[in-house]
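**Q** Have a look at this prediction, sequence included:
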Amino acid sequence: MHVFSISAAMVGVCLTAIGILRLIATQTKVQTLGDDLLAMDAVLFVTCCFLSFWSFKTRVSTLRQRLRLLVDVLFMTALALMVGICAIIAYEFF
């Protein structure tokens with residue numbers, strides 16, 4: 001249940017960061033890799049959200065367990081990617 005709500009919030013964080021990076025890019029004429037990576041990260045978080053919701057609705061216990069394992073792996077991957085993206089963004093503007 002926590003992954004579902006956190007994933008939805010993280011999509012918002014990614015979209016906000018993309019907007020901010022686009023604003024900076026248009027004013028400084030710099031293209032960034034960070035916004036492209038954030039878009040992919042947002043897709044991972046949305047996928048977590050959908051799979052998590054599917055796991056709530058399924059009545060097949062083996063499918064539910066597999067979906068929850070997949071959600072956990074995808075969520076941790078997306079979080080790790082976000083940390084990497086933050087490092088790229090932090091060092092890209094220096």
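**A** Yes, it's here.

**Q** Which positions in the strand or helix carrying residue 42 come out as buried?
**A** Assessed by DSSP states H and E, residue 42 sits inside helix 34-57. For helix 34-57, burial by neighbour count (16 or more other C-beta atoms under 10 Å) applies to 34-35, 37-38, 41-42, 44-49, 51-52, 55. (Glycine included, C-beta is placed from N, CA and C.)

**Q** In this structure, mark out all the helices, start to finish.
**A** Ranges of helices within the chain are 2-28, 34-57, 61-92, based on DSSP state H.

**Q** Return the most buried member of those.
**A** helix 34-57 (a mean of 18; mean count of other C-beta atoms under 10 Å).

**Q** and the angle from that helix to helix 2-28?
**A** 160 degrees (axes from the mean of the first three to the mean of the last three C-alpha atoms, to 10 degrees).

**Q** to the chain's geometric centre, what's the distance from helix 34-57?
**A** Computed by C-alpha atoms, centre = their mean, to the nearest Å, the chain-centroid distance of helix 34-57 equals 6 Å.

**Q** just checking, what packs against that helix?
**A** helix 2-28, helix 61-92 (3 or more C-beta pairs under 8 Å, 6 or more residues apart in numbering; DSSP states H and E).

**Q** any idea which of those scores lowest on pLDDT?
**A** Comparing mean pLDDT over the helices and strands packed on helix 34-57, the weakest stretch is helix 2-28, at a mean of 78.

**Q** Who are the packing partners of that one?
**A** Using 3+ C-beta pairs under 8 Å, 6+ apart, helix 2-28 sits against helix 34-57, helix 61-92.

**Q** hmm, who's touching the shortest one?
**A** Yep, that's helix 34-57 we're talking about. Helix 34-57 is contacted from outside by 1, 3-4, 7-8, 10-11, 14-15, 17-18, 21-22, 25, 63-64, 67-68, 70-71, 74-75, 77-78, 81-82, 84-85, 88-89, 92, using C-beta atoms under 8 Å, 6 or more residues apart in numbering.
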